[in-house]
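Participant: Prediction below, plus the sequence it came from.
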There are 4 protein chains.
Amino acid sequence: MTDTGSSADLDVRGVGDESATHGYITDKEKYLARLKRIEGQARGIHRMVDEEQYCIDILTQVSALTKALESVALGLLDDHLKHCVVDAARTGGAEADAKVKEASDAIARLVRS
Amino acid sequence: MTDTGSSADLDVRGVGDESATHGYITDKEKYLARLKRIEGQARGIHRMVDEEQYCIDILTQVSALTKALESVALGLLDDHLKHCVVDAARTGGAEADAKVKEASDAIARLVRS
Amino acid sequence: MTDTGSSADLDVRGVGDESATHGYITDKEKYLARLKRIEGQARGIHRMVDEEQYCIDILTQVSALTKALESVALGLLDDHLKHCVVDAARTGGAEADAKVKEASDAIARLVRS
Amino acid sequence: MTDTGSSADLDVRGVGDESATHGYITDKEKYLARLKRIEGQARGIHRMVDEEQYCIDILTQVSALTKALESVALGLLDDHLKHCVVDAARTGGAEADAKVKEASDAIARLVRS
């Protein structure tokens, strides 16, 4: 909502790629900026309750935060499929099956949460 | 909820495997039985509204139907990852990318619905 | 979403009002038409699986059906709040508390399904 | 879920009631404690991404955070129905209609997020 991610965030994107261990690293700075914002949204909701603001306004912010989280989750999942699952599929065998099962379980948790 | 799937459904499971074109075919009969049940649940909700039953009871049935659909969707998605996406990953190139993107989009629609 | 309910549906709306026992009755014909369509969507998904159509296309239809159901549920809930809960609130006492609790439980099931 | 709010929280509960303007105030300290925890969960997810932990483990934490938020939202909504909506229903007229509409809209945002 209140995207405070500066362009400075983008400049450093990709730094650390050499030590990358997981698929989402190409967008690491983007995720960090979004999660920083999500933390700020949570703090904002805490303040709204503390100030006894109107319930419905608080609920609106909770829905916005839920959507922001959902969006991060879908991004991470896409990265995971693109990298870990595709790599495992190429390796084949039990590793491929295990990775698909793990991804499906994560999707189920997401759909049900 | 009202699982009317007889064991006869299971006996014919797997029939038609030779002509299978998509990954979910190994469980085709199971899906057909579940979707038959879902159709019956929808018909039941229609009847409840027609008979002017209590709102909350109707909402309970709508939630049950939504959960049944969700479960079918998660099953189809798992089958899709296991077969189509894994196969495309082995083929590699643009086909793999396209299949992952398509799967991610379907997951996003599911999470958001 | 694409409500194709003809105006004929609307003409008969309200028939049976005398025997109306629950709040949603003013829109009964609209709900019946939507639920009829939902039943058709379920049947369509069954056919898609039977014809072994592409997984992703089936998932798209499942998402559409889930959204249609969600929309019916939100409509029923709104009607329920407008009529049953508001009436109980006026009566007051344990009846009001019980109706609010029942509505909150239905909302929770809906949010979690 | 694992509410660690100490009884100390409960002792101060109700402080400020004189200036209370909204229904959720009776549980204010409980909400503040839960939102503090939610903020911590968001910070934890930020750290997991920063440390490049495994995608699936991060997704598990995102699902847990989403569920925690959902639970706060359902609690706020229940309080809102119990107090604001019931009070407005007693007042009646346009005020009651407006409050129900507002609550239904908030429920729809919640169900769709």
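Facilitator: On my side now, so go ahead. Numbers count the residues shown, from 1 in each chain, chains lettered A, B, ... in the order given.
Participant: residues in contact with the most centrally placed residue in chain A?
Facilitator: Centroid check for chain A by C-alpha atoms, centre = their mean gives residue A:72 as the closest residue, at 2.6 Å. Contact analysis of residue A:72 by C-beta atoms under 8 Å, 6 or more residues apart in numbering or on different chains lists A:31, A:34, A:35, A:38, D:45, D:62. Just so you know, the C-beta spots here come from the backbone N, C-alpha and C atoms, and that holds for glycine as well.
Participant: pLDDT-wise, which helix or strand of chain A ranks last?
Facilitator: Lowest by mean pLDDT, DSSP states H and E among the helices and strands of chain A is helix A:7-11, with a mean of 36.
Participant: Work out the gap between stretch A:68-83 and the centre of the chain.
Facilitator: 6 Å (C-alpha atoms, centre = their mean, to the nearest Å).
Participant: If you count neighbours, what's buried in the helix ranked longest in chain A?
Facilitator: Criterion DSSP state H: the longest helix present in chain A is helix A:55-80. Buried residues in helix A:55-80, counted by 16 or more other C-beta atoms under 10 Å in any protein chain shown: A:55-56, A:58-66, A:68-70, A:72-80.
Participant: In chain A, which residue sits closest to chain B?
Facilitator: Residue of chain A nearest chain B, by C-beta to the nearest C-beta: residue A:89 (3.4 Å).
Participant: I figured that residue hits residue B:90, correct?
Facilitator: Yes - using C-beta atoms under 8 Å, residue A:89 is in contact with residue B:90, at 5.9 Å.
Participant: Between the two, which is the more surrounded one?
Facilitator: Under the criterion of other C-beta atoms under 10 Å in any protein chain shown, the comparison of residue A:89 against residue B:90 puts residue A:89 first, with 25 against 15.
Participant: what helix or strand does the more buried one sit in?
Facilitator: Per DSSP states H and E: residue A:89 is located in helix A:86-91.
Participant: Whatever helix or strand comes next after that helix to helix B:55-80, inter-axis angle?
Facilitator: The helix or strand immediately downstream of helix A:86-91 is helix A:93-112, counting by DSSP H and E. Computed with axes from the mean of the first three to the mean of the last three C-alpha atoms, to 10 degrees, the direction of helix A:93-112 lies at 160 degrees from that of helix B:55-80.
Participant: Let me see the mean pLDDT of helix A:93-112.
Facilitator: For helix A:93-112, the mean per-residue pLDDT is 93.
Participant: Tell me the residues of chain A that contact chain C?
Facilitator: Residues of chain A found near chain C (C-beta under 8 Å from any C-beta of the partner chain) are residue A:112.
Participant: Where does pLDDT dip in chain A?
Facilitator: The model of chain A has pLDDT under 70 over residues A:1-26.
Participant: check contacts around the residue of it found nearest chain C.
Facilitator: At 7.5 Å from chain C, residue A:112 is the closest residue in chain A, using C-beta to the nearest C-beta. By C-beta under 8 Å, 6+ apart, residue A:112 lies in contact with B:70, C:112.
Participant: Likewise for residue A:100?
Facilitator: A:85, A:88, A:89, B:78, B:81, B:82, B:85, B:86 are the contacts of residue A:100 under C-beta under 8 Å, 6+ apart.
Participant: Include distance to residue C:102 when you put the residues you listed into TSV, please.
Facilitator: Formatted as TSV, the contacts of residue A:100 follow (distance: C-beta to C-beta, whole Å):
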residue	distance to residue C:102
A:85	43
A:88	47
A:89	48
B:78	36
B:81	40
B:82	42
B:85	43
B:86	46
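Participant: Tell me the one of the residues you listed nearest residue A:99?
Facilitator: residue A:88 (3.8 Å; C-beta to C-beta).
Participant: The closest one: neighbouring residues, count only.
Facilitator: Residue A:88: 21 neighbours (other C-beta under 10 Å).
Participant: Ok, residue A:94 next?
Facilitator: Neighbourhood size, residue A:94 [other C-beta under 10 Å]: 9.
Participant: One more: the one 4 residues further on?
Facilitator: Look at residue A:98: counted by other C-beta under 10 Å, it has 11 neighbours.
Participant: what's the closest non-adjacent residue to it?
Facilitator: The shortest distance from residue A:98 to any non-neighbouring residue, by C-beta to C-beta, 6 or more residues apart in numbering or on different chains, is to residue A:88 (7.5 Å).
Participant: again, but for residue A:102
Facilitator: Nearest non-adjacent residue to residue A:102 (C-beta to C-beta, 6+ apart): residue D:56, at 5.5 Å.
Participant: what's the one you found in contact with, if anything?
Facilitator: Counting by C-beta under 8 Å, 6+ apart, residue D:56 has contacts A:80, A:102, A:103, A:106.
Participant: what does chain A put close to chain B?
Facilitator: Selection of chain A residues close to chain B by C-beta under 8 Å from any C-beta yields A:70, A:73-74, A:77-78, A:81-82, A:85-86, A:89-90, A:92, A:96-97, A:100-101, A:103-104, A:107-108, A:110-112.
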